[in-house]
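Participant: Build me a model:
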Amino acid sequence: MSNRASRTRSPIGSSRADRAVRALPAILLAAWCAGCAGGAPSPAAPDEGPYVLVLGTAQDGGLPHVACTCVRCEAARRNPALRRRVASLALIVPATGRRYLIDATPDIREQIDALPAVGSHPRGSVDRAPVDGVLLTHAHAGHILGLALFGFEAVHTRHLPVYATPRLSGYLRTNGPWARMVAREEIDLRETAYGASVPLDHGVRVIPLAVPHRDEDSDTVGYRIEGPRRTLLYVPDTDGWSAWDPPLTRALEGCDVALLDGTFGSADELPGRDVSKIGHPLIGDTMRLLEEPVRSKRVAVYFTHLNHSNDTVDPKSAAAERVRAAGFAIAAEGQRFPL
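Facilitator: Numbering: from 1, shown residues only. Coordinates of the predicted model:
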């Protein structure tokens, strides 16, 4: 598929298992199977091409969700294999040893531990430069709280590049603890405009796309990640797809893979709360919208940012099986997508 970036700015930003596997593009099969195994990623070889690494797939509250004693959360407390870290990606460039985060979550300590050993990072002491940059999507808690751990009280980085829109950069400059990190030059805010190409390293560039979402403190973006061979779209948080103009299908043009907001599977899965007011598309809505491009294998779609109430967080559930049977997939921690 072509990696040519869309020039249109978005103003909003046998066995059942065998059938599921055959529904995925062959080019992603090895990455998907490796990711499902879980565990820490293996070190990357210096001659390996750049790739995206999944560091987390849960909604901001995590799994187990904070202060929740539902059956699923209690099971995850008892069994670490059932836990999910908050949604985040890493961009890994083995040839140059650089590592970038997309979003800084409350689980950032474990997520940095999960980064592959590329480049030169000290052992036996605190690594004052564990990553080479952080790209933020928006100001909600699950996406920026971890940024504080790069500050004086913990890592104490120096001039860590933090890529954000002008509005989000303004929020960070004027609110603690991030304002103090700016003043101490621990982070270096680099403003990125919608649709502007941001070159990172070794043929990898990102393009922030405006995304409609609850923008109380900042606007929201998704990232189009273009590598030497493949392109990936990452949209962990969005309002319903009907709010997109141009539509999501336009943003997917030229993309090989998409990791999309899969927060909720059902409109009634949160008793006492109106899911429509929280502002996320239901997984079923996304599958209906993208049925044709997925069936024709023009793009492989993975769901991420899953709420603890969402049945698809259990890979053995009937809900997860329906997703796979339709040719879609659930993102897994440790999963790699080559760029």
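Participant: C-alpha only now, for contacts and for neighbours.
Facilitator: OK.
Participant: Isn't residue 60 up against residue 145?
Facilitator: No: assessed by CA atoms under 8 Å, residue 60 is found out of contact with residue 145, at 10.1 Å.
Participant: Between the two, point out the one with more neighbours.
Facilitator: Just comparing residue 60 and residue 145: by other CA atoms under 10 Å the higher neighbour count belongs to residue 60, 23 against 18.
Participant: looking at this, that one is in a helix?
Facilitator: No: counting by DSSP: H, G, I helix; E, B strand; the rest coil, residue 60 is not part of a helix but coil.
Participant: Please enumerate the strands of the stretch 151-300 of the chain.
Facilitator: Per DSSP state E, counting those that start in this stretch, the stretch 151-300 of the chain carries strands over the ranges 160-164, 187-191, 198-201, 204-211, 220-226, 231-235, 257-261, 300-304.
Participant: follow-up on the earlier one: and for residue 60 and residue 145, which residues touch both?
Facilitator: Taking CA atoms under 8 Å, 6 or more residues apart in numbering as the criterion, residue 60 and residue 145 both touch residue 105.
Participant: where does this structure dip in pLDDT?
Facilitator: 1-47, 271, 275-278 (pLDDT under 70).
Participant: Nearest residue to the middle of it?
Facilitator: When CA atoms, centre = their mean is applied to the chain, the residue found nearest the centroid is residue 88 (4.0 Å).
Participant: dump the residue contacts of it.
Facilitator: Contacts of residue 88 (CA under 8 Å, 6+ apart): 54-57, 101-105, 143.
Participant: got the contact list for stretch 307-315?
Facilitator: 58-65, 72-73, 82, 263-266, 269-270, 306, 317-321, 330.
Participant: Counting only helices, which of those make the cut?
Facilitator: 72-73, 318-321 (DSSP state H).
Participant: Are any of those buried, and if so which?
Facilitator: 72-73, 319-321 (16 or more other CA atoms under 10 Å).
Participant: Nearest residue to residue 193 in space, ignoring adjacent ones along the chain?
Facilitator: residue 165 (5.9 Å; CA to CA, 6 or more residues apart in numbering).
Participant: I'd say the one you found and residue 196 touch.
Facilitator: No: contact between residue 165 and residue 196 fails when scored by CA under 8 Å: they sit 10.6 Å apart.
Participant: Those two - which one has more neighbours?
Facilitator: Neighbour tally, residue 165 and residue 196, criterion other CA under 10 Å: the higher count belongs to residue 165, 24 against 13.
Participant: Quick check: the farthest pair among the buried ones among the ones in helices among the contacts of stretch 307-315?
Facilitator: 73 and 321 (20.6 Å; CA to CA).
Participant: Now, of the contacts of stretch 307-315, which are buried?
Facilitator: 58-65, 72-73, 82, 263-265, 269, 306, 319-321, 330.
Participant: Quick check: residue 217 touching residue 168?
Facilitator: Yes: here residue 217 reaches residue 168: they are 7.5 Å apart, a contact under CA under 8 Å.
Participant: joint contacts of those two?
Facilitator: residue 139.
Participant: neighbour count winner among these two?
Facilitator: More crowded of residue 217 and residue 168, by other CA under 10 Å: residue 168, with 22 against 14.
Participant: for the more buried one, what are its contacts?
Facilitator: Counting by CA under 8 Å, 6+ apart, residue 168 has contacts 138-139, 217-219.
Participant: swap the cut-off to 6 Å and go again
Facilitator: residue 218 (CA atoms under 6 Å, 6 or more residues apart in numbering).
Participant: let's number from 359 now, not from 1
Facilitator: In the new count, where the first residue is 359, that last one comes out as residue 526.
Participant: Distance check, it against residue 446.
Facilitator: Distance from residue 526 to residue 446, counting by CA to CA, to the nearest Å: 18 Å.
Participant: same question, residue 410
Facilitator: For residue 410 relative to residue 446 (CA to CA), the value is 10 Å.
Participant: now swap in residue 656 and tell me
Facilitator: On the measure of CA to CA, residue 656 and residue 446 end up 24 Å apart.
Participant: and what of residue 642?
Facilitator: Counting by CA to CA, the gap from residue 642 to residue 446 is 23 Å.
Participant: same deal with residue 619?
Facilitator: Separation of residue 619 from residue 446 (CA to CA) stands at 12 Å.
Participant: Same question for residue 690.
Facilitator: From residue 690 to residue 446 the distance is 11 Å (CA to CA).
Participant: what do you get for residue 672?
Facilitator: Taking CA to CA, one finds residue 672 at 19 Å from residue 446.
Participant: Next: residue 673.
Facilitator: Relative to residue 446, residue 673 is positioned 19 Å away (CA to CA).
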